[in-house]
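Visitor: give me coordinates for this.
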Amino acid sequence: MNAKALIVPATLLLALGVGIGAGHAEDRQDALRGAAESAVRPVMAKFGIPGMAVGISVGGQDYVFDYGVASRETGKPVTSGTLFEIGSVSKTFTATLTAWAERDGRLSLADPTSKCLPMLQGTKFGAVSLLDLGTHTPGGMPLQLPDGIATTDQLMQFFHDWQPAYPPGTYRTYANPSIGLLGLITAKSMGQDFTALMETRLFPALGLASTYIEVPGEKAADYAQGYTGQDVPIRMKGDMLSAEAYCVRTNAADLLRFIDANMALIPLNADLAGAIAATHTGYFKAGVLTQDLIWEQYAWPVDLATLLEGNGSRMLLTAIPATPIIPPMAPRADVWINKTGSTNGFSTYVAFVPEKRLGIVILANKSYPIEDRVTLAYAILASVGDR
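Guide: Predicted coordinates:
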């Protein structure tokens, strides 16, 4: 979709412009509900999306709206408890855990991977820093692990044999293996299994009561059915490093709370709050975006065309020259920070502007184009922000 083709309905502008600026809480919620529905329904119709959930954070107040069904087969509607796969948005949780471990003195982003994984000493990958893993700049990695890697020994052999295409810290190549290994190293530094750390330490500390890597049996009925672009029912199956890279399942309210935490809108343990802020540090300039620790940011205000370019297939699938920011850019409030997430049957987009205290999460149980997610979010947030 061309950025110039974006048309924000007048009803959306009026409803949000008036509803947020004045009136009672119920009026604001009704205005948001109507505005979100007028924006979401056409997208659902265009791509045949069975169900969606949209969460909007406005000045510290959260609103969640549900649409459609969690499963075509059962007809069960999407509700406040419906769990969605969030794909690579999971990486932002991994980055948070890593930053928390660093504040605990368990590791340093400057450490080489071989410090935590001695079997990589003397190898090219052993010299790659943890920062490079968390910023997609280790020197050229495939988007996914090669087929056939099913054991830890095979995984370590892959990294042992890896040869860089570029010097570390010079090109951004978006990849699951690098952040996956960062999660594994983080858990190793903390002396615990990664999934256990997330589910018993990080998620509870964030106040997330319905967020999982492994959906428990008692919550199975809340787990939405996903659908491919060809409407084939599908759910994600775990694989090597999937827990660390793209395996979180959650609902809109929990994910929106995480966004609020990233805008410092909820009380948290001081070390955790500091770790979250640290993930917004800008380390590299790559194309139109600034690469943080997994998060991607843009100077505010930002136009839709820039966001579409930064979240486009070129940034996802090709090597982009990366220029180090020296010293790293301290976390800022006047930025648009975002992350996309996809699995074969689910689509996610999250974005927030700390200065404006505005955030959004968009969850769907079908695969549909990233550009349409970004456009939808931009239309809603731009309207709320009285652009």
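
Visitor: tell me who's in contact with A36.
Guide: Contact analysis of A36 by C-beta atoms under 8 Å, 6 or more residues apart in numbering lists 54, 56, 65, 380. For the C-beta atoms, the positions are set from N, CA and C on the backbone; glycine is no exception.

Visitor: packing partners for the helix or strand encompassing the last one?
Guide: What it means is I380. Secondary structure assignment for I380, by DSSP states H and E: helix 370-384. Contacting helix 370-384 under the criterion 3 or more C-beta pairs under 8 Å, 6 or more residues apart in numbering; DSSP states H and E are the following elements: helix 10-21, helix 25-47, strand 51-58, helix 304-310, strand 335-342, strand 347-353, strand 358-364.

Visitor: rerun at 7 Å
Guide: helix 10-21, helix 25-47, strand 51-58, helix 304-310, strand 347-353, strand 358-364 (3 or more C-beta pairs under 7 Å, 6 or more residues apart in numbering; DSSP states H and E).

Visitor: how many neighbouring residues does A305 have?
Guide: A305: 13 surrounding residues under other C-beta atoms under 10 Å.

Visitor: what about the strands in the chain?
Guide: Under the criterion DSSP state E, the chain carries strands at the ranges 51-58, 61-68, 84-85, 171-172, 226-227, 233-234, 249-250, 282-286, 289-291, 296-299, 320-329, 335-342, 347-353, 358-364.

Visitor: which neighbours does the fourth one have in its sheet, and in what orientation?
Guide: Looking back up the chat, that one is strand 171-172. strand 320-329 (antiparallel) (DSSP bridges).

Visitor: how far away is the residue nearest to I56 when sequence neighbours are not counted from I360?
Guide: Leaving aside its chain neighbours, I56 sits nearest to Y63 (4.9 Å; criterion: C-beta to C-beta, 6 or more residues apart in numbering). Distance, Y63 to I360, by C-beta to C-beta, to the nearest Å: 10 Å.

Visitor: now do the shared contacts for those two.
Guide: 55-56 (C-beta atoms under 7 Å, 6 or more residues apart in numbering).

Visitor: picking up where we left off before, for the helices and strands packed on helix 370-384, which has the smallest mean pLDDT value?
Guide: Here the lowest mean pLDDT among the helices and strands packed on helix 370-384 goes to helix 10-21, at a mean of 36.

Visitor: centre of the chain to stretch 95-103, how far?
Guide: Centroid separation between stretch 95-103 and its chain, computed with C-alpha atoms, centre = their mean, to the nearest Å, is 16 Å.

Visitor: pLDDT of it, averaged?
Guide: Stretch 95-103 comes out at a mean pLDDT of 98.

Visitor: got the CA positions of it in CSV?
Guide: The C-alpha atoms that make up stretch 95-103 are tabulated as CSV, following Å, rounded to 0.1, in the frame of the first residue of the first chain:
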residue,chain,number,x,y,z
ALA,A,95,15.7,-8.0,25.1
THR,A,96,14.1,-6.9,28.4
LEU,A,97,15.3,-10.0,30.2
THR,A,98,18.8,-9.5,28.8
ALA,A,99,18.9,-5.8,30.0
TRP,A,100,17.6,-6.9,33.4
ALA,A,101,20.4,-9.5,33.6
GLU,A,102,22.9,-6.8,32.8
ARG,A,103,21.7,-4.6,35.6
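
Visitor: okay, buried residues for that stretch please.
Guide: Neighbour-count burial for stretch 95-103 flags 95-102 (criterion: 16 or more other C-beta atoms under 10 Å).

Visitor: dump the helices and strands packed on helix 370-384 to TSV, plus distance to P324.
Guide: Putting the helices and strands packed on helix 370-384 into TSV (distance: least, C-beta to C-beta, whole Å) gives the following:
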stretch	distance to P324
helix 10-21	39
helix 25-47	38
strand 51-58	32
helix 304-310	18
strand 347-353	25
strand 358-364	29
